[in-house]
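Peer 1: Sequence below, structure please.
(one chain, ligands or ions: 2)
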Amino acid sequence: MNAKSCIICDTNTILQKQHMSFCSLLQWPYCLRRCSYCNFNKYISRSSSDNIMTECLQKEAQTLLQLSQVSCITSVFLGGGTPSLAHPSTFAAVLESISQHAHIHHNAEVTLEVNPTPLGRSKLEDFYHAGVNRFSVGVQTLNDDDLVVLLRDHSSHDALRTIEEASRLCPGRVSVDLMFGRPGQTVRSWDTELREVLQICDDHLSLYQLTVERGTQLFKQVQRGEVTVPEEEVTAEMYQRARAVLHQHNFQQYEVSNFARHNAVSHHNLSYWKGRQYIGVGPGAHGRFVPLGEGGVCREARTQTLEPEVWMCEVQKMGHGTRRRIQIEEVLVMGMRMTKGITHKHWQRFSPHVNLHHIFGSSPDVQDLQQSGKLILDERGLRCSYEGLALLDSILPTLLLETERIYTPKQKDNNSFYNAR
Ligand SMILES: C[S@@+](CC[C@H](N)C(=O)[O-])C[C@H]1O[C@@H](n2cnc3c(N)ncnc32)[C@H](O)[C@@H]1O
Ligand code: SF4
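Peer 2: Numbers count the residues shown, from 1 in each chain. Ligands and ions are numbered 1, 2, ... in the order given. Next comes the predicted model:
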């Protein structure tokens with residue numbers, strides 16, 4: 001156990017390993033080709049071997065787990081990109097190294113995103129033996145012509161066979177991703193398609209409204225007028241129709257896009273939306289946790305380096321490829337630029353243990369700023385007044401000083417992660 005004195009209350013309180021539930025997201029960034037609508041962080045060509053990628057995923061997971069001092073992992077999500085392209089032994093190895101640094105709860109949900117190609121299907125059993133116990137299948141549509149327009153590399157037949165195989169391996173733990181608002185789609189065709197899906201799906205569905213993302217092929221096609229997507233009112237009707245049809249079939253909606261029956265909700269998704277802590281491992285992965293290993297007390301949002309080759313070099317050199325850490329100073333400086341300032345809710349996401357009143361409420365310098373009408377600290381949060389906003393540069397040093405007073409650890413660990421940056 002890594003024990004340190006509490007730097008907030010200045011008592012001998014011991015900070016133990018974090019016992020709260022904790023999730024882990026692993027990102028596999030490669031795809032066989034680019035779907036026309038997708039702007040996720042994914043790469044088609046690759047020069048490195050699976051072995052290097054595996055080693056780096058293991059190494060980064062180990063670094064972040066040590067830093068987070070978490071004791072128990074309650075869910076793992078293997079996402080992408082196309083993680084079903086990876087060799088099952090990759091994830092077996094990564095899960096094994098996670099289990100060497102934290103206890104993986106015996107009921108932990110381990111989800112793999114699967115592209116329903118014949119190759120993906122043929123590997124499901126091996127993924128299952130590697131430790132996966134839930135599959136999320138990217139069906140997108142059961143209409144073969146639409147699959148071609150979307151540049152998917154599977155057919156509706158492939159999708160059905162993949163769902164069948166996944167449900168054989170993990171009954172009650174298979175999810176299907178579908179998109180609506182697709183080019184040429186109507187409410188009627190969507191209704192028919194949904195009813196078809198309901199004949200073959202398991203107990204979880206994710207329905208995403210197609211977003212025409214800038215930089216994608218679909219975006220250019222829409223701009224050039226080669227393709228049209230349904231009007232907003234039509235997609236709104238599709239959504240309402242889906243909610244009603246799924247409700248009739250005993251699916252409960254538990255989030256904007258997610259529906260489950262027989263209580264087959266995704267615990268990983270739920271933890272994420274509930275704002276729980278998680279580590280994000282792999283190129284472009286996001287994480288959010290309190291790095292207790294550094295004596296820290298505030299939650300950081302982390303983003304790992306996007307490009308796989310660069311990320312691998314960083315992990316090999318430093319043990320992690322963290323590109324960006326949004327820390328409390330950044331939250332303060334960025335937040336105070338807005339007229340609405342920083343709300344208590346926003347601050348709490350990054351600093352769950354110390355609130356705005358605690359930091360700024362009793363400071364004589366901050367009180368001066370309030371009395372002169374430049375700064376407001378109230379039940380909404382902390383913000384500049386109309387006059388104060390024009391003087392932000394002169395207000396920030398006072399606020400930063402108070403923040404530093406609270407958050408700077410009294411004893412610095414020479415081997416700390418901060419020094420490694
Ligand atoms: C990151 S993708 C990865 C899953 C896997 N590679 C696949 O394509 O099936 C996860 C899901 O996001 C959804 N998605 C991706 N791009 C989208 C977009 N532009 N609009 C709406 N949903 C999208 C798709 O339904 C997809 O299954
Ligand atoms: S939708 Fe999935 S398979 Fe297609 S490019 Fe995006 S991540 Fe890759």
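Peer 1: Low-confidence bits of the stretch 201-350 of the chain, can you list those?
Peer 2: Applying pLDDT under 70 to the stretch 201-350 of the chain flags the ranges 273-275, 292-299, 327.
Peer 1: Buried residues in the strand or helix carrying residue 55, which are they?
Peer 2: Secondary structure assignment for residue 55, by DSSP states H and E: helix 50-68. Of all the residues in helix 50-68, those buried under the rule 16 or more other Cβ atoms under 10 Å are 53-68. (C-beta placed from N, C-alpha, C; glycine too.)
Peer 1: before we move on, what about stretch 184-202?
Peer 2: 185, 187, 189-190, 193-194, 197, 201-202.
Peer 1: can you map out the helices along the stretch 251-400 of the chain?
Peer 2: Applying DSSP state H, counting those that start in this stretch to the stretch 251-400 of the chain gives helices spanning 267-273, 308-318, 328-335, 344-350, 356-360, 364-371, 386-389, 392-407.
Peer 1: Provide the contact partners of the third one at residue level.
Peer 2: Identification of contacts with helix 328-335 by Cβ atoms under 8 Å, 6 or more residues apart in numbering yields 298, 341-342, 346-347, 350-351, 382, 396, 399-400, 403-404, 407.
Peer 1: let's see 7 Å
Peer 2: 298, 341-342, 346, 350-351, 396, 399-400, 403, 407 (Cβ atoms under 7 Å, 6 or more residues apart in numbering).
Peer 1: What residues sit buried inside it?
Peer 2: 328, 331-332, 335.
Peer 1: Name the residue of this protein with the shortest distance to ligand 1.
Peer 2: Ligand 1 sits closest to residue 138 of the chain, with a gap of 1.7 Å, by Cβ to the nearest ligand atom.
Peer 1: Residue 120 is in contact with that residue, correct?
Peer 2: No: look at residue 138 against residue 120 with Cβ atoms under 7 Å: they stay out of range, at 9.1 Å.
Peer 1: Which neighbours do these two have in common?
Peer 2: residue 114.
Peer 1: returning to what we had before: could you point out which element follows the helix holding residue 55?
Peer 2: strand 72-80.
Peer 1: mind listing what the strand or helix carrying residue 107 pairs with, with the direction of each?
Peer 2: Using DSSP H and E, residue 107 falls within strand 103-114. Applying DSSP bridges to the sheet, strand 103-114 is found paired with strand 72-80 (parallel), strand 134-140 (parallel).
Peer 1: out of those, deepest packed?
Peer 2: Each of those was scored by mean neighbour count; the highest is strand 134-140, a mean of 26, by mean count of other Cβ atoms under 10 Å.
Peer 1: List of residues touching it?
Peer 2: Strand 134-140 is contacted by residues 109-116, 124, 147, 150, 152, 159, 162-163, 166, 170, 173-179 when judged by Cβ under 7 Å, 6+ apart.
Peer 1: Which of the residues you listed fall in strands?
Peer 2: 109-114, 174-179 (DSSP state E).
Peer 1: Tell me the one among those residues nearest to residue 38.
Peer 2: Distances from residue 38 to these, taken as Cβ to Cβ, are shortest for residue 179 (10.4 Å).
Peer 1: Now do the closest one, the pLDDT please.
Peer 2: For residue 179, the model assigns a pLDDT of 98.
Peer 1: what is it paired to in the beta sheet?
Peer 2: Beta-bridge partners, per DSSP bridges, of residue 179: residue 208.
Peer 1: ditto for residue 258
Peer 2: Residues in beta-bridge contact with residue 258 (DSSP bridges): residue 206, residue 255.
Peer 1: What is the burial count for it?
Peer 2: 20 (other Cβ atoms under 10 Å).
Peer 1: where's it relative to residue 182, distance?
Peer 2: 19 Å (Cβ to Cβ, to the nearest Å).
Peer 1: same question, residue 265
Peer 2: Applying Cβ to Cβ to residue 265 and residue 182 gives a distance of 26 Å.
Peer 1: Equivalent analysis for residue 29, please.
Peer 2: Residue 29 is 25 Å from residue 182, by Cβ to Cβ.
Peer 1: Let me see the domain layout of the protein.
Peer 2: Per automatic domain parsing, the domain ranges recorded for the chain read 22-273, 332-407.
Peer 1: and the strands paired with strand 103-114 as CSV, adding mean pLDDT and distance to ligand 2?
Peer 2: Compiled in CSV, the strands paired with strand 103-114 are given as follows (pLDDT from 0 to 100; distance: least, Cβ to the nearest ligand atom, whole Å):
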stretch, mean pLDDT, distance to ligand 2
strand 72-80, 93, 5
strand 134-140, 98, 6
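Peer 1: who wins for proximity to residue 286 among those?
Peer 2: Smallest distance to residue 286 across the strands paired with strand 103-114 (Cβ to Cβ): 10.7 Å, for strand 72-80.
Peer 1: Does that closest one reach ligand 1?
Peer 2: Yes: Strand 72-80 comes into contact with ligand 1 (Cβ under 6 Å from any ligand atom), by way of residue 80.
Peer 1: now swap in stretch 173-185 and tell me
Peer 2: Yes: using Cβ under 6 Å from any ligand atom, a contact is recorded between stretch 173-185 and ligand 1, made by 177, 179.
Peer 1: Mind listing residues that contact that stretch?
Peer 2: 133-141, 146, 149, 163, 166-167, 190, 197, 201-202, 204-210, 227-230, 235, 238, 242, 264, 266.
Peer 1: what residues does the stretch 51-200 of the chain put near ligand 1?
Peer 2: 80, 82, 113, 115, 138, 140, 177, 179.
Peer 1: Repeat that for the stretch 301-421 of the chain.
Peer 2: Residues of the stretch 301-421 of the chain found near ligand 1 (Cβ under 6 Å from any ligand atom): none.
Peer 1: So between residue 265 and residue 182, which is more surrounded?
Peer 2: residue 182 (25 against 18).
Peer 1: What's the local residue count around residue 401?
Peer 2: 12.
Peer 1: Beta-bridge partners for the most centrally placed residue in the chain, please?
Peer 2: For the chain, the residue nearest the mean C-alpha position is residue 286 (5.5 Å; Cα atoms, centre = their mean). On the basis of DSSP bridges, residue 286 is bridged to residue 303.
Peer 1: Quick check, it in contact with residue 300.
Peer 2: No: Residue 286 is beyond contact range of residue 300, at 11.1 Å (criterion: Cβ under 7 Å).
Peer 1: that older thread, want to throw the strands paired with strand 103-114 into CSV with distance to residue 253?
Peer 2: Formatted as CSV, the strands paired with strand 103-114 follow (distance: least, Cβ to Cβ, whole Å):
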stretch, distance to residue 253
strand 72-80, 21
strand 134-140, 17
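Peer 1: So the spatially closest residue to residue 278 that is not a sequence neighbour: helix, strand or coil?
Peer 2: Among residues not flanking residue 278 along the chain, residue 23 sits closest, at 3.9 Å (Cβ to Cβ, 6 or more residues apart in numbering). At residue 23 the chain is in strand, as set by DSSP: H, G, I helix; E, B strand; the rest coil.
Peer 1: Sweet, I'm off.
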